[in-house]
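Enquirer: Model the following, please.
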Amino acid sequence: MTEGTRRGSEDGYFKLYTHQKARLIQLEEENRHLRSALSDMRSILVARQGEPPLLAEDWHKALVTIIDAALLAREGRPS
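Expert: Next up is the predicted model:
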């Protein structure tokens, strides 16, 4: 293997590594936002203990809220 070929391979591996590292950081950020949204929902549910259970429509709204917050976070906008 010539020096130029070896160097090209090293550059390719470095680019792949940096791309994968950037994706990992993005996924970790999305994970933090989702955990935060789920924690907020847990707090709401704990506060509702002793009250009648949520209706299916309320659960749907809660899930839509969590998903919307995650999508906004993914786009880099605050929820």
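
Enquirer: what packs against the longest helix along the chain?
Expert: In the chain, assigned by DSSP state H, the helix with the most residues is helix 3-47. Where contact means 3 or more Cβ pairs under 8 Å, 6 or more residues apart in numbering; DSSP states H and E, helix 3-47 is packed against helix 56-74. Any C-beta I mention is one placed from the backbone N, CA and C, and that applies to glycine too.

Enquirer: Report all helices and strands that the helix it packs on contacts.
Expert: If you count contacts as 3+ Cβ pairs under 8 Å, 6+ apart, helix 56-74 packs onto helix 3-47.

Enquirer: now the helix it packs on against helix 56-74, angle please.
Expert: Put simply, helix 3-47 runs at 150 degrees to helix 56-74, going by axes from the mean of the first three to the mean of the last three Cα atoms, to 10 degrees.

Enquirer: can you give me the offset of helix 3-47 from its chain's centre?
Expert: 9 Å (Cα atoms, centre = their mean, to the nearest Å).

Enquirer: Thanks a lot, catch you later.
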